[in-house]
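What follows is a predicted protein model with its sequence.
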Amino acid sequence: MRVVRLASETDFDGWRSAARLLRAEGAQPAQVLWTVDGGQASLFPTEAAKTRVVGAEGFKVSRTFVDLASRVALHRSPERFDLLYRLLWRLEATPRLLEIASDPDVSLALDMQSQVNRAAHKMKAFVRFREVETAGAGEAFVAWFEPAHRVTEATAPFFTRRFSNMAFSILTPDVCAHWDTRALSFTPGADPADAPAGDDLEAYWRTYYASTFNPARLRTATMVREMPKRYWRNLPEAALIPEMTRAAGDRTTQMVEKAPSEPARRIVRAAQRASRDAPFDGAAPTSLDAVAAGVDACRRCPLWRDATQGVAGEGPLGARLMIVGEQPGDQEDLAGRPFVGPAGQVLDQALAAAGAPRREVYVTNAVKHFKHEPRGKRRIHKTPDAPEIEACRWWLDAERRLVRPRVIVALGATAARSVLGKSAPIGKLRGQALQLEDQAQAVVTWHPAYLLRVPDAAAKARAEAQFIEDLKLAWSLAG
Amino acid sequence: MAVLDLKQKLSILADAAKYDASCASSGAGKRDSRDGKGVGSTEGMGICHAYTPDGRCVSLLKILLTNYCIYDCAYCVNRVSSNTPRARFAVQEVVDLTLGFYKRNYIEGLFLSSGIIRNSDYTMEAMVAVAKALRTVHDFRGYIHLKLIPEASVELTHQAALYADRVSINVELPREESLAAFAPEKSASVIRKAMGAVRLGIEAGKAPARKTRPPKYAPAGQSTQMIIGADGASDGEILARSNTLYGNYGLRRVYYSAFSPIPDVAKSLPAQRPPLMREHRLYQADWLMRFYGFETHEIIGPGEDLDLAIDPKLAWALRNRADFPVDVNTAPRETLLRVPGLGTRSVDRMIAARKLTRLTLADVKRLARNLEKLKPFVIASDWSPGALADRADLRDRFTPPPQQLSLF
């Protein structure tokens, strides 16, 4: 039997060098006894220390094992160093042992690691500082805390990052951490009496804790699971828990049974005055502002339900040229303006190439709400169907009546259908002036979104050229 | 009127804020106070500093700036027609409480909301002033969540998002028609537009840096809340609505808040006990959609409600028995994720381990929490459920006795 005496309960470096030596000389896990010798710093005084290091350089373990082992070493289980040595021993034969989380040793180590991680997390959560008097040099705080595992040294840097400019000490039975705003230091374990007895702000904290509790949702089991009772004695708010829990039932019953109270008369009178809102006016709009407001409130088809807003057209009243697209896309739906997304950029470039300034053109869509389908975290465009196009034509017709363009360009099949009143093959009809009933002329052409999708480079270049050509034609007709 | 002291104000304004379910302090990325003058850090993961007996986490100082409100939302304790006591914090009082609590390690930061006083912009400006003072005067690096007022100007919304880690706007009720009935001053369309503006702001903030890097815009994203059980919306409607909200506005979270009795109830929405189990099942279904590859229609139809007795994944598995049992040694990840009782972590560990060994039932037990639940649905090297998977009473094995269904 080989006896190893480590310098302290958290002496992971001592374990590591002893384990390396023992492993090199072939000491079986069952032959090694790991003990902690808190008093003396005498690391490793047994005969193993005198042994020559044989092949110690030849056996390497992964970073993953060192990370796991350094956390497991902080566990309060007396078996932890034994388990780690057993794992180290087995890693030689099975280098990928740690990937087998179902292995009993690995599973135990992973459980211990997660218990240590949880203890560290709860320390970040449940340390409660109390302010102490200082000799004038800024604020200083002291906490008394009892961690579930030996995580104080490992967790102290979290507090120094968070409270860099604040002097503090965290006292625990194992070890105490001190931060003076420049350096972190540790001293041996302390006693609860060494910490301050209270803090003026605790009364406010208790007030907050009691007020943020909803008695109608009593679920003490969840509370105890997340805030185990072992922590309660050092939490100033925990003393309130029994009374809050006891009174919860009566408070809820009172709320449920109590009849609704009458609002003050002053409030009722004000509400009556406020209810003189103008009802929704279904009559045809007489201004572009009225179109925009109407489109946003429109319920003529169900597309409004999943969209952000109705997007009306944009451009000057009396514009000679009107461009009608299909429907707002993802970006247009969020911004509330037509053609601001990728297709809008294609349109802007083409308009510039055709010599038609966008600010002189009225740009709108056949359908004013974005039709789409959620797919994971994105939304996928869907083509509007005939009843939706028909329902929304009411708005396009209103825009046509108000703007009175000489020429209307319909981009793509949906727009063509809405402008012409019937479905129209773009490939056949494009590139010519079509007469409309209201004296205006129409030109149909590709939708810019289509240009973005054409896969074949030659076909894409051809379609782009046609698109610019058609816009030129429309602009000259409007001239 | 009697003058309230700070403790009384805190009591009133924390009580008035507690119906908002969100208390998350996660997602803000890494920062700390080492190169600063004040206190504060965020390291990605949220921290719950306490739990109240309702089982909910206390992570942030969650308060209203004021509970005076000109709106009359029937479900809200702070509506203008309620006879609840009223209070209002001064900006400096909120700043002092936040810093005092933070330095004592009671909280991760501040979650500030407010009743609407005078008008939306006036109220939003006061809330922004608190966040601005914390960030610029005190160099506070902790977490700030600001509730946005949808009717406030876009300029104020953007300012709020530059000081806050997370912003949120509550859609309040799953059905837009109910919003008109119960919250007459609120407009679903205004709420949606404000969420859209936030998404555009977040995306513009993430765009590839030009010469000057834009300031961080709500790094922890945006969230929303729906009240469950106040209107007649079915679970199917609610989940379809969430799905749309996640897709439209890139939300981090949709919170479901069981409609809870309030001290001074409105006539149109009398008090009832909150449907806590329903709320729990909705969260489970929400998780399945976001992390387990389920489509909404697989979990639930439009007019349907979730089974309260068993969780939605188990309910799905029982409806689709032909897909089971699955072999833990060969099934692909997305199939394993659909096995009742298996979480993402267990599945990932299972996939890593089976490359090196054949998994037995004892191995599965060490990898998963709940062996009894998943036994009928899996095959391991030494286990096959046989007739167990086909038993007509399989559902009953998972159903607790009826009296445990109520959480009261």
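Thanks, I have it.

I'd like to know how many residues surround residue A:182.
A count of nearby residues for residue A:182, using other Cβ atoms under 10 Å in any protein chain shown, gives 8. C-beta here means a position set from N, CA and C on the backbone, and glycine is covered the same way.

hang on, I meant residue B:387
Residue B:387, neighbours per other Cβ under 10 Å, totals 8.

next one: residue A:382
Neighbours around residue A:382, by other Cβ under 10 Å: 13.

Not counting its neighbours along the chain, what's nearest it?
Spatial nearest neighbour of residue A:382, excluding adjacent residues (Cβ to Cβ, 6 or more residues apart in numbering or on different chains): residue A:371 at 4.8 Å.

which SS state does the residue nearest to residue B:268 when sequence neighbours are not counted fall under?
Using Cβ to Cβ, 6+ apart and skipping the chain neighbours, the partner closest in space to residue B:268 is residue B:74 (4.6 Å). Using DSSP: H, G, I helix; E, B strand; the rest coil, the structure places residue B:74 in coil.

What distance do you get for residue B:74 to residue B:237?
20 Å (Cβ to Cβ, to the nearest Å).

what does residue A:102 give?
42 Å.

Let me know the helix or strand that the closest residue to chain A within the stretch 251-400 of chain B is in.
Nearest residue of the stretch 251-400 of chain B to chain A, counting by Cβ to the nearest Cβ: residue B:363, 3.4 Å away. For residue B:363, the element it lies in under DSSP states H and E is helix B:361-367.

How about the contacts made by the residue nearest in space to the middle of chain A?
Among the residues of chain A, the one closest to the centroid is residue A:377, at 12.2 Å (Cα atoms, centre = their mean). For residue A:377, the contacting residues are B:246-247, B:250, by Cβ atoms under 8 Å, 6 or more residues apart in numbering or on different chains.

so what's the backbone phi/psi at residue B:68?
With angles defined as degrees, to the nearest 10, residue B:68 sits at phi -70, psi 140.

can you check residue B:150 too?
The phi/psi pair for residue B:150 (degrees, to the nearest 10) reads phi -60, psi -30.

Let me know the pLDDT of it.
The score at residue B:150 is 92. That number is its pLDDT.

now it, nearest residue through space, not along the chain?
residue B:194 (3.9 Å).

Pop out the phi and psi values for the one you found.
phi -70, psi -40.

And for residue B:59?
The phi/psi pair for residue B:59 (degrees, to the nearest 10) is phi -110, psi -40.

Same question for residue B:253.
phi -150, psi 140.

Specify the local secondary structure of residue B:110.
strand.

Please, which helix or strand holds the closest residue to it other than its chain neighbours?
Distances taken as Cβ to Cβ, 6+ apart place residue B:98 nearest to residue B:110, at 4.6 Å, with adjacent residues excluded. Element membership of residue B:98, judged by DSSP H and E, is helix B:91-103.

Please identify the buried residues of that helix?
Buried positions in helix B:91-103, judged by neighbour count with 16 or more other Cβ atoms under 10 Å in any protein chain shown: B:91, B:93-95, B:97-103.

Quick one: find the helix or strand in chain A with the lowest mean pLDDT.
helix A:265-274 (a mean of 67; mean pLDDT, DSSP states H and E).

tell me which element the residue most central in space within chain B falls in.
By Cα atoms, centre = their mean, the mean C-alpha position of chain B lies nearest to residue B:255, the distance being 3.3 Å. For residue B:255, the element it lies in under DSSP H and E is strand B:253-258.

what number of residues lie near residue B:205?
Residue B:205 has 17 neighbours, counted by other Cβ under 10 Å.

so where's the stretch 251-400 of chain A uncertain?
A:270-283 (pLDDT under 70).

From what I see, the residue nearest to residue A:382 and residue A:326 are in contact.
No. Residue A:371 is beyond contact range of residue A:326, at 9.3 Å (criterion: Cβ atoms under 8 Å).

Name the residues contacting each of these two.
Common neighbours of residue A:371 and residue A:326 (Cβ under 8 Å, 6+ apart) are A:383-384.

Between these two, which has more neighbouring residues?
In this view residue A:371 and residue A:326 are compared by other Cβ under 10 Å, and residue A:326 has more residues nearby, 27 against 21.

how close does the more buried one get to chain B?
To chain B, residue A:326 is 19 Å away according to Cβ to the nearest Cβ, to the nearest Å.

For the nearest residue to that residue once chain neighbours are set aside, give me phi and psi.
The shortest distance from residue A:326 to any residue other than its chain neighbours is 4.2 Å, reached at residue A:414 (Cβ to Cβ, 6+ apart). Main-chain dihedrals, residue A:414, degrees, to the nearest 10: phi -60, psi -50.

Contacts only, for residue A:414.
A:326-327, A:366-367, A:383-384, A:389.

List the beta-bridge partners for residue A:441.
According to DSSP bridges, the partner residues bridging residue A:441 are residue A:407, residue A:435.

State the pLDDT value of residue B:2.
The model's pLDDT for residue B:2 equals 64.

same check, this time on residue B:215
Looking at residue B:215, the pLDDT reads 63.

what about chain B, any weak spots by pLDDT?
Confidence mapping of chain B against pLDDT under 70 gives the ranges B:1-2, B:207-215, B:400-408.

need the contact list for the residue nearest to residue A:419 when sequence neighbours are not counted.
Once flanking residues are discounted, residue A:419 sits nearest to residue A:410: 4.3 Å by Cβ to Cβ, 6+ apart. For residue A:410, the contact set (Cβ under 8 Å, 6+ apart) comprises A:324, A:366, A:416, A:418-420, A:442-445.

Can you verify residue A:410 is assigned to a strand?
Yes. Under three-state DSSP, residue A:410 sits within a strand.

Give me the distance between it and residue A:421.
Where residue A:421 is concerned, residue A:410 sits at a distance of 11 Å (Cβ to Cβ).

And for residue B:371?
Following Cβ to Cβ, the distance that separates residue B:371 from residue A:421 is 66 Å.
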